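Asker: just need the structure, nothing else, for what follows:
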Amino acid sequence: MVVGAATFHEQIASQYAAGDDLPCANAKLLVPVKRSAEFARIRKRVADHHHLDSWQEDDVHFFVFLLHPAPGSMADPANPPVAVFAMHADFADPVSAVVVTPRQDSAAAEIQDLRLPDNVYTTPVV
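Answerer: As a prediction, this is how the structure comes out:
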């Protein structure tokens, strides 16, 4: 099954309970996101420095950025990877930062924790 970036984004949003009815994230928190060590790790891969999506849930603000595939990755060209940052207003750094890279078969995605870059796992995409 081949899906586009928008469809993949919807799959990720539904899997992680993000929805259209959630309020937008506080844009002021983009400053610490973009100054973080986690964002620095992927800065060269960011396709657009404007976030693709944002939402807020339980005082956690989520920001999604579209990425270029990593060199030599097994990424699906039709479904580009995204970086997802979670911020809380009480903390200076992201509370979570991951890169989600869909596999070519679109049945699974590789998740890399940007806080612990060696921590990589694969999960099914529902």
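Asker: ranges for the helices of the protein?
Answerer: For the chain, the helices defined by DSSP state H cover 5-15, 30-35, 37-42.
Asker: pLDDT of the second one, averaged?
Answerer: Yep, that's helix 30-35 we're talking about. The pLDDT scores in helix 30-35 average 97.
Asker: low-confidence stretches in this structure?
Answerer: Applying pLDDT under 70 to the chain flags residues 1-20, 74-75, 106.
Asker: list the contacts of Gln112.
Answerer: Neighbour list for Gln112: Val98, Val99, Thr101, Asn119, Val120 [criterion: Cβ atoms under 8 Å, 6 or more residues apart in numbering]. Backbone N, C-alpha and C define where each C-beta goes, glycine included.
Asker: let's see 7 Å
Answerer: Residues near Gln112 by Cβ atoms under 7 Å, 6 or more residues apart in numbering: Val98, Val99, Val120.
Asker: now the residues you listed: which count as buried?
Answerer: Among the contacts of Gln112, the ones that count as buried by 16 or more other Cβ atoms under 10 Å are Val98, Val99.
Asker: just give me the closest of the contacts of Gln112 to Arg43.
Answerer: Nearest to Arg43 out of the contacts of Gln112 is Val99 (Cβ to Cβ; 12.3 Å).
Asker: hey, what's that closest one bridged with?
Answerer: Val99 has these beta-bridge partners by DSSP bridges: Ala83, Gln112.
Asker: buried sites along stretch 62-72?
Answerer: Buried positions in stretch 62-72, judged by neighbour count with 16+ other Cβ under 10 Å: Phe62, Phe63, Val64, Phe65, Leu66, Leu67, Pro69.
Asker: do the same with stretch 112-124
Answerer: Gln112, Leu114.
Asker: now do the end-to-end distance for that stretch.
Answerer: One end of stretch 112-124 sits 14 Å from the other (Cα to Cα, to the nearest Å).
Asker: adjust the sequence numbering to begin at 45 for everything that follows.
Answerer: Shifting the count to begin at 45 puts that one at stretch 156-168.
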